[in-house]
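following is a predicted model, sequence given first.
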Amino acid sequence: MNALSPLSRSATTAPKRPDASSPYWDEALETRPREQWDAHTLALLQAHLRHAYDNAPYYRRTFDAAGVRPEDLRTLEDLRAFPTVNKSILRERQLAVPLLGDLAAVPEDDVVYVSASSGSTGVPTLSPFTARDFDEWIDFEARLFWSSGLRPSDRYAHSLNFSLFVGGPCVLGAQKLGALSIHAGTVPSERLLAILRQFQATALWTTPSYAWYLGETAEKAGIDPRRDLAVKRLFVAGEPGGSIPETRQRIEDLWGAKVYDYYGLSDIFGACAGMCEERHGLHWAEDHIHVEVLDPHTGQPVAEGERGEMVLTTLRKQARPLIRFRTGDIVSFTTERCACGRTSKRLLGVHGRVDDMIIIRGVNLFPSDVEALVRKDPGLTGEYRLVIERENHLDALTIEVEHRPDARESIDTLAGRLKGTLKATTGVGARVVVLPPDTLPRATHKAKRIDDRRGAVWTA
Ligand SMILES: [Zn+2]
C-alpha cells in the first residue's frame, strides 16, 4: 500500500502556468491562512511517518527503540518524541546497506535521480528521488522563482555545478516556469562573462562570494556589469552572505541587479526556500518540508525569531524520507505574514553552522556577524578573515581586513572603528589588522573565513 496516496494530489502541482502579471504561481496555496498550513502539515506528516515506518527498515527499528509509532503523532508538537537523524547516520547506513541505505523507503527500481553531497570529508552521501519526488521538487522550484519575479520573458543563466550536485536540476524550475534557461554550469569566469554577454542573460544563479568575485573580475577585464550585461536578478545560495544586507548591497552595486537569497540542502532539495520581491526573509517550501528550530544543546524549541539549530522533516519525499534531520545550520524564522501576501514561514537568515559558532571568551560569535560590519564600512573592501589564537590561556581574535584603494582615512582610524563597532554589537573584543587591497585570498565558491589556531596550542 502506498501510504501517501490519499494525499498524493494536494495543491503542490499548479494546474497551469499563471499569467505573467500574477504575483503568484499558485495563489490559493501561497496565500492561505496560517492555520491551514499547520493542519496540512500535520496531515502530511502523519502519512509520511507511516510511509517511513512501513517501508524503511531504519525508521521501523529506531521508532520501535524509542517507543513511538506513527499513530502517536496527533499534534505537530508530538514530533519531538521521534528520534533525530544526522549526516553521519546517513553515511553510516549507506555504507551498511549499499547503495542507498536503509532510510530509503522505495525499491531502487522506483528511483530515477540521485544527488550526492559535496562534503569535503568522508564518503559523499546520496539523496534519491522517485519520478514523483523529482517532478514535485521542480514544480516548487518554479514557484520559488516566480515569487522572486522571474517570468517567461527572462533569460536565466544557471552557474552551479551539474555533476551529482542537487543545485544543478534547479535550472529545470526556471525552465518549467517558461524562462529561456541557459545551463551554464561552473565554467571559468571569462567564459561565464562571455555567456552572460552573448545571451544578454537577465538572471543568474551562483554563490554570493562568486557573484562578488565575478563582478570584480568583469570590471578588471573592462566589462561594466551594469552597462555591458543585462543581469537584473542574482539568485545566490550556499553561504550566509545573501541574507546579510550589507553584502547584498555591495553585490547589487557591482551588478546593478537585485540579489535574492535561496537556501538548499544537499540531502533534501536544491532549494528549500527563496526570497520573494520583498526580500525580507526566504519563503519556505512548507508543503514539502517541516521546520523545527531547536536549542542545539537542550533540543528544546526556541522562541520564534530566536536563533537555533534547524531540524527538518520531509513531508512528501517518497524515496528517502528524512525525519527530524539535524542540519547543523543555525537559523531564525518568522511566521508573520509577508507584505507580498504569502503566508508561509520565512527563514530570516542562516547565521552559521553549529560547527562555525566561535566562542570567544565565552561569547558566541558567527563569522556572519563580523561580515555584516566589515561590509558596511565604506573604507574597507569587504574581504575578511578571522584568526583565533590562544594567548596566555585566553582566546584572542584577530580580524584581518583590507582598506579600499581609495580609502581616505588612516589605517589606525579604520582599525579603531571596526574594533569599536564589533565590541558594541557583539560584545567581543578583537585586534584588527588592516591590510592593503587584494592581500587576502579571494574566495571563488565556498569561502573559508576562519583560521582557528587554538587546537594547536593544546596538542603542542
Ligand atoms: Zn514575501
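Yes, it's here.

return the helix or strand in the chain with minimum mean pLDDT.
helix 454-459 (a mean of 47; mean pLDDT, DSSP states H and E).

where do the helices of the stretch 101-250 of the chain begin and end?
Secondary structure of the stretch 101-250 of the chain by DSSP state H, counting those that start in this stretch: the helices cover 131-147, 171-177, 189-199, 208-220, 225-228, 245-255.

and the closest residue to the ion within the stretch 1-150 of the chain, what does it touch?
Across the stretch 1-150 of the chain, no residue is closer to the ion than residue 147, which sits at 6.7 Å (Cβ to the ion). The C-beta positions use only the backbone N, C-alpha and C, and glycine is treated the same way. Residue 147 sits next to 23, 24, 25, 30, 274, 275, 276, 277, 283, 340, 342 when contact means Cβ atoms under 8 Å, 6 or more residues apart in numbering.

apply 6 Å and report the result again.
276, 283 (Cβ atoms under 6 Å, 6 or more residues apart in numbering).

how about residue 347: what's its closest non-neighbour residue?
Nearest-residue entry for residue 347: residue 282, 4.2 Å, with adjacent residues in sequence omitted and distances by Cβ to Cβ, 6 or more residues apart in numbering.

so the one you found makes contact with residue 271?
No: here residue 282 lies out of contact with residue 271, judged by Cβ atoms under 6 Å, at a distance of 9.0 Å.

low-confidence bits of this protein, can you list those?
Within the chain, the ranges that satisfy pLDDT under 70 run 1-15, 118-122, 443-447, 455-460.

got the contact list for the longest helix anywhere in the chain?
Ranked by residue count under DSSP state H, the longest helix found in the chain is helix 34-55. Helix 34-55 is contacted by residues 3-4, 7, 59-60, 63, 70, 73, 76, 105, 286, 290, 315, 321, 323, 343 when judged by Cβ under 6 Å, 6+ apart.

now the two most distant members of the residues you listed.
60 and 343 (35.3 Å; Cβ to Cβ).

neighbour count winner among residue 282 and residue 271?
Set residue 282 next to residue 271 and count neighbours by other Cβ atoms under 10 Å: residue 282 wins out with 31 against 24.

please report the distance of that one from the ion.
Distance of residue 282 to the ion, given as Cβ to the ion, to the nearest Å: 9 Å.

can you report phi and psi for that residue?
phi -110, psi 120 (degrees, to the nearest 10).

so what sits opposite it in the bridge?
On the basis of DSSP bridges, residue 282 is bridged to residue 275, residue 347.

kindly report the residues of the chain close to the ion.
Contact residues (Cβ under 5 Å from the ion) of the chain with the ion: 276, 278, 338, 340, 342.

apply 6 Å and report the result again.
Applying Cβ under 6 Å from the ion, we find that the chain lies next to the ion at 276, 278, 283, 338, 340, 342.

and which of those is nearest residue 358?
Nearest member of the residues of the chain next to the ion to residue 358, counting by Cβ to Cβ, is residue 283, at 30.0 Å.

so that closest one is in contact with residue 342, correct?
Yes: Residue 283 lies in contact with residue 342 (Cβ under 6 Å); the separation is 5.5 Å.

shared neighbours, those two?
Counting by Cβ under 6 Å, 6+ apart, nothing touches both residue 283 and residue 342.

what comes up buried for the one helix or strand residue 311 maps to?
If you go by DSSP states H and E, residue 311 is part of strand 308-314. Going by neighbour count (16 or more other Cβ atoms under 10 Å), the buried part of strand 308-314 is 308, 309, 310, 311, 312, 313, 314.

closest one of these to residue 266?
Using Cβ to Cβ, those come closest to residue 266 at residue 312, 12.2 Å.

max-length strand in the chain?
strand 380-391 (DSSP state E).

tell me how far the next helix-or-strand element following that one is from the chain's mean position?
Remark: after strand 380-391, the chain's next helix or strand is strand 394-403, criterion DSSP H and E. Chain-centre distance of strand 394-403: 27 Å, with Cα atoms, centre = their mean, to the nearest Å.

pull up the pairing partners for strand 394-403, direction included.
When pairing is defined by DSSP bridges, strand 394-403 lines up against strand 380-391 (antiparallel), strand 431-435 (parallel).

what sits up against it?
Contacts for strand 394-403 (Cβ under 6 Å, 6+ apart): 360-361, 374, 379-381, 383-389, 414, 430-435, 437, 439-440.

tell me which residues of stretch 338-354 come out buried.
338, 340, 342-352.

how long is that stretch end to end?
Start-to-end span of stretch 338-354 (Cα to Cα, to the nearest Å) is 28 Å.

now swap in stretch 274-282 and tell me
One end of stretch 274-282 sits 5 Å from the other (Cα to Cα).

what about residue 75, neighbour count?
Neighbours of residue 75 using other Cβ under 10 Å come to 8.

how close does it sit to residue 39?
11 Å (Cβ to Cβ, to the nearest Å).

got it, and residue 307?
28 Å.
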